[in-house]
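A.B. asks: Sharing a sequence plus its predicted fold:
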Amino acid sequence: MSRRQAVPAAAPSTVPPWTMAVAAMLAVQISNALSVPVIAQVGPAGTAWLRMSFGIVFLWLIARPALRSLRLRHLPALLVLGIVTGFMTTFFLAAVARIPLGTAVAIEFLGPLTVAGLMSPRRRALIWPGLALLGVVLLTEPWQGTIDLSGVGFALAAGTCWGLYNVFTQYIGDRFAGISGLSLTIPIAALATLPVGLPQVIGGELTRWVLPAAAGIALITPVIAFGLEVLALRRMTHTAFGTLLSIEPAFGVLMGLLILAQRPTVMQLVGIGLVIIAGVAAQRGGRRVSDAPALTDRPPSPPREVL
């Protein structure tokens with residue numbers, strides 16, 4: 001999951017964490033919409049694998065892997081995060097190949113929404129996930145009966161990965177400086193998805209524009225978007241971050257309209273309004289005070305990442 005001159009210590013407090021989360025969500029949906037033409041050439045798994053592979057190059061140019069910060073106890077979380085990151089992207093692009101972008105995001109959102117509810121220490125916090133869930137239902141319009149079931153299944157699988165991604169991104173983000181943890185997890189993501197992604201790339205139509213397009217998309221996601229998510233999750237609770245993600249289906253519908261000409265219905269617009277209200281309400285009081293002692297595992301030299 002959400003990356004070398006050090007940022008001044010006061011800088012993080014000047015940028016509200018929810019703004020980084022919103023920027024990350026917008027970047028993710030732009031990259032997903034732009035991925036649709038690439039999917040038509042090399043398939044969803046091939047597109048996801050190319051994005052991860054180019055992401056490694058960009059991340060290693062920006063932030064060398066923090067191997068000195070790596071501890072044996074970190075490896076299980078890194079492996080899980082890398083695997084769920086890779087398949088979150090793969091499953092989601094498989095869904096987008098079958099159902100509208102906004103609908104896919106709405107269904108996928110059920111994963112982090114569930115995490116938000118389960119991680120909340122207060123029952124009243126479930127009001128906002130509940131409102132967001134109503135908005136998600138309106139966005140998906142299940143009563144129409146025209147949704148591709150395989151697309152729904154892929155979106156649900158992506159949502160499961162998304163929920164796990166949020167949990168482990170916060171854990172890894174607490175233990176590595178800047179985005180160095182991301183530079184370790186994306187190679188794992190690329191390796192995990194190689195068996196399904198590389199065959200689609202080899203068997204696809206690698207026209208001249210495909211690789212440059214995939215590289216450009218990779219710069220947006222995973223590099224910029226996932227980097228922002230890591231920084232945001234360091235300073236927000238799971239509940240606030242997870243429910244703030246309610247806005248993402250709205251971004252999915254918007255990018256579907258602007259880039260893919262997928263027009264939302266009136267009911268979907270009502271759903272967008274509900275998820276935005278839930279997301280904005282959830283971020284209030286969502287600042288997180290990190291209590292992760294493992295940050296001291298880092299070497300004493302100044303962090304070198306710059307996003």
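C.D. replies: Perfect, I can see it now.
A.B. asks: okay, now G252: neighbour count?
C.D. replies: Counted by other CB atoms under 10 Å, the residues lying close to G252 total 29. Bear in mind the C-beta positions are built from the backbone N, C-alpha and C, glycine included.
A.B. asks: need the contact list for M25.
C.D. replies: For M25, the contact set (CB atoms under 8 Å, 6 or more residues apart in numbering) comprises 225, 245, 247-248, 251.
A.B. asks: hang on, I meant A95
C.D. replies: Residues counted as contacts of A95 (CB under 8 Å, 6+ apart) are 104, 107-108, 151-152, 154-155, 158.
A.B. asks: Can you pull the poorly scored residue ranges out of the stretch 1-150 of the chain?
C.D. replies: Low-confidence regions of the stretch 1-150 of the chain, defined by pLDDT under 70, span residues 1-13, 66, 69, 116-117, 120, 122-123, 125.
A.B. asks: can you give me the helices in the chain?
C.D. replies: Shown for the chain, the helices assigned by DSSP state H span residues 11-14, 17-62, 75-96, 101-108, 110-119, 127-140, 149-175, 180-203, 210-218, 225-233, 238-244, 248-260, 266-283.
A.B. asks: C-alpha coordinates for the fifth one, PDB please?
C.D. replies: In PDB, the C-alpha atoms belonging to helix 110-119 read as follows (Å, rounded to 0.1, in the frame of the first residue of the first chain):
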ATOM      1  CA  LEU A 110     -17.500  -2.600   1.100                       C
ATOM      2  CA  GLY A 111     -14.100  -4.000   2.100                       C
ATOM      3  CA  PRO A 112     -12.600  -0.900   3.800                       C
ATOM      4  CA  LEU A 113     -16.100   0.000   5.000                       C
ATOM      5  CA  THR A 114     -16.200  -3.300   7.000                       C
ATOM      6  CA  VAL A 115     -12.700  -2.600   8.400                       C
ATOM      7  CA  ALA A 116     -13.800   0.900   9.500                       C
ATOM      8  CA  GLY A 117     -16.800  -0.500  11.400                       C
ATOM      9  CA  LEU A 118     -14.800  -3.400  13.000                       C
ATOM     10  CA  MET A 119     -11.900  -1.200  14.100                       C
END
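A.B. asks: any residues touching that helix, and which ones?
C.D. replies: Under CB under 8 Å, 6+ apart, the answer for helix 110-119 is 125-126, 129, 132-133, 136, 156, 158-164, 166-167, 237-239, 241-243, 245-246, 282.
A.B. asks: was I right about A240 contacting W18?
C.D. replies: Yes - under the criterion of CB atoms under 8 Å, A240 lies in contact with W18, with a separation of 7.5 Å.
A.B. asks: Mind putting the contacts of A95 into CSV with neighbour count and distance to F87?
C.D. replies: As requested, the contacts of A95 are exported to CSV (neighbours: other CB atoms under 10 Å; distance: CB to CB, whole Å):
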residue, neighbour count, distance to F87
A104, 29, 15
I107, 26, 16
E108, 30, 12
G151, 19, 16
V152, 18, 17
F154, 25, 10
A155, 29, 13
A158, 28, 8
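A.B. asks: got the contact list for the nearest residue to T265 once chain neighbours are set aside?
C.D. replies: Take T265 and drop its neighbours on the chain: the residue closest to it by CB to CB, 6 or more residues apart in numbering is E141, 6.7 Å away. With contact set as CB under 8 Å, 6+ apart, E141 has these partners: 103, 265, 267-268.
A.B. asks: circling back to that earlier point, mind checking which of A240 and W18 has more residues around it?
C.D. replies: Looking at A240 and W18 with other CB under 10 Å, you find the greater number of neighbours at A240, namely 29 against 22.
A.B. asks: What separation do you get for the more buried one and P17?
C.D. replies: Counting by CB to CB, to the nearest Å, the gap from A240 to P17 is 8 Å.
A.B. asks: do A250 as well
C.D. replies: According to CB to CB, A250 and P17 sit 19 Å apart.
A.B. asks: can you check R64 too?
C.D. replies: Look at R64 and P17: by CB to CB, they are 25 Å apart.
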